[in-house]
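Asker: sequence and predicted structure are below.
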Amino acid sequence: MDRIDDKPTIVITGIAGRLGRLLARRLHREGRYRVVGIDRRPFEDRPPDIDHRAVDLRSKRTRDVFRKERPQALVHLGIMHDPRSSAKVHHEWNVEGTARLLDYCRMYHVPKVVFLSSHTVYGARPENSQFLEEDAPLLGAQDTPTMRDLVVTDMLCSSFFWKAQDIDTVILRPVHILGRVSNAISNYLRLPRIPTLLGFDPMMQVIHEMDVVEALVLALNPLVRGVFNVPGPGEVPLSVIISELGRPTVPIPHFLAPMAFRTLWRTGLSLFKGTEMNHLRYVCMVDGTRARTELGFLPKHTIKDTIRAVLEGPMR
């Protein structure tokens, strides 16, 4: 039996993560939707009318959420990036878990699916054109095995977009997200002394975490569908980003860098494992024309505010 409610229901996976919390609070303030979150992690400070289901994404209880709630949209933020988990766990969670979610969306006629991917799926490579468009090949898995699942999951959602024509599927590929998120680039920029690769200073694009939330909200609008690169307020060299943070650097020859990053990670001195090191060497920038013209997205935070957002530290 369908659930009767004045407000449409949105299911958010990964709601207990930084972006999930920000999006949930944003939707809660607007008051247009009823929010149901799926995340096995705790969400103690949630607004009282946000329904948090502490279930494993891979469990049958996740299917029960779709069966009982009959949501009008799924926002899938629940991608695992934990470098300490095994490749098997990553694959089960990211690829198999996403496939099940998409099956539930078809089974229970969810009209909107929004998946948060990343521009890193394109890969940082010396032959990249200056600005990559949405139809560029996804070569990120060639940079590092840890990117493989994200690339496969992105392709899975892209295939779903073409197969499930009755569902408005949106795939967002934002550039490097900065803020209180605990991702590779923010963790790298929080190091007290930042290792850089001797002879390399790539141009980079960064985006404030709140601007990513804005893009997610816009993606929920009716009839919006497709793949969108989501750039920030501009492009700057890595050296400028580090200088804005006031951090000293430690230039390291490229052949020594993998060992240096692994040592920092294993000793607990850094949350940045260095697996995305190619982004410290080569350019990977995207064209945001589609997001601007079709999604109506424009970043609200300046490049300076975006860079300095990492100084607040990761979410605890």
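Answerer: Thanks, I have the structure now.
Asker: okay, helices next: where are they in the stretch 1-150 of the chain?
Answerer: 18-30, 60-69, 87-90, 97-107, 148-163 (DSSP state H, counting those that start in this stretch).
Asker: so which bits of the longest one are buried?
Answerer: Across helix 148-163, burial judged by 16 or more other CB atoms under 10 Å covers 148-158, 160-161. Bear in mind the C-beta positions are built from the backbone N, C-alpha and C, glycine included.
Asker: repeat for stretch 132-140
Answerer: For stretch 132-140, burial by neighbour count (16+ other CB under 10 Å) applies to Leu132, Glu134, Ala136, Leu138, Leu139, Gly140.
Asker: just those residues: which has the poorest pLDDT?
Answerer: Within these, pLDDT reaches its minimum at Gly140, with 89.
Asker: and Arg46, how far is that from Ala54?
Answerer: Distance, Arg46 to Ala54, by CB to CB, to the nearest Å: 11 Å.
Asker: those two: which is more packed in?
Answerer: Neighbours per residue, other CB atoms under 10 Å: of Arg46 and Ala54, the larger number sits with Arg46, 18 against 13.
Asker: isn't the more buried one up against His52?
Answerer: Yes. Between Arg46 and His52 there is a contact at 5.7 Å, judged by CB atoms under 8 Å.
Asker: what sits in contact with each of these two?
Answerer: Common neighbours of Arg46 and His52, using CB atoms under 8 Å, 6 or more residues apart in numbering, are Gly37.
Asker: returning to what we had before: quick one: which of the buried residues of stretch 132-140 is nearest Phe261?
Answerer: Gly140 (18.1 Å; CB to CB).
Asker: next up, the contacts around that closest one.
Answerer: Going by CB under 8 Å, 6+ apart, Gly140 touches Thr120, Val121, Tyr122, Gly123, Met147, Leu150, Val151.
Asker: in strands only, show me those.
Answerer: Judged by DSSP state E, the contacts of Gly140 include no members of strands.
Asker: compare the residues you listed and tell me which is most surrounded.
Answerer: Busiest of those [other CB under 10 Å] is Thr120, holding 26 neighbours.
Asker: and the pLDDT for the nearest residue to Pro137 once chain neighbours are set aside?
Answerer: Leaving aside its sequence neighbours, Pro137 sits nearest to Tyr122 (CB to CB, 6 or more residues apart in numbering; 7.6 Å). On pLDDT, Tyr122 comes in at 95.
Asker: was I right to think Tyr122 contacts Cys284?
Answerer: Yes. Tyr122 is in contact with Cys284 according to CB under 8 Å; the separation is 5.8 Å.
Asker: touching both of these two, which residues are there?
Answerer: Common contacts of Tyr122 and Cys284, defined by CB under 8 Å, 6+ apart, comprise Asn128, Leu132.
Asker: out of the buried residues of stretch 132-140, flag the one nearest to Val240.
Answerer: Minimum distance to Val240 across the buried residues of stretch 132-140 is 21.2 Å, recorded for Leu132 (CB to CB).
Asker: look up how far Phe255 lies from that closest one.
Answerer: According to CB to CB, Leu132 stands 28 Å off from Phe255.
Asker: what's the burial count for Ala47?
Answerer: That one is not Ala; residue 47 is Pro. By other CB under 10 Å, the residues close to Pro47 number 12.
Asker: quick revisit: could you dump the buried residues of helix 148-163 to TSV with distance to Gly226 and pLDDT?
Answerer: Formatted as TSV, the buried residues of helix 148-163 follow (distance: CB to CB, whole Å; pLDDT from 0 to 100):
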residue	distance to Gly226	pLDDT
Arg148	24	87
Asp149	22	89
Leu150	19	90
Val151	18	93
Val152	20	93
Thr153	17	94
Asp154	13	96
Met155	15	96
Leu156	16	96
Cys157	11	96
Ser158	10	96
Phe160	12	96
Phe161	7	96
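Asker: what ranges do the strands span in the stretch 151-300 of the chain?
Answerer: Secondary structure of the stretch 151-300 of the chain (DSSP state E, counting those that start in this stretch): strands located at 168-174, 176-178, 194-197, 203-208, 226-230, 235-237, 249-252.
Asker: to Glu294, which of those strands lies closest?
Answerer: Glu294 sits nearest to strand 226-230 of all the strands of the stretch 151-300 of the chain, at 7.2 Å, using CB to CB.
Asker: just the angle between that closest one and strand 203-208, please?
Answerer: For strand 226-230 against strand 203-208, the angle by axes from the mean of the first three to the mean of the last three CA atoms, to 10 degrees is 100 degrees.
Asker: relative to strand 226-230, what are the paired strands and their orientations?
Answerer: strand 168-174 (parallel) (DSSP bridges).
Asker: could you check the angle the strand it pairs with makes with helix 18-30?
Answerer: Strand 168-174 runs at 130 degrees relative to helix 18-30, counting by the same axes, to 10 degrees.
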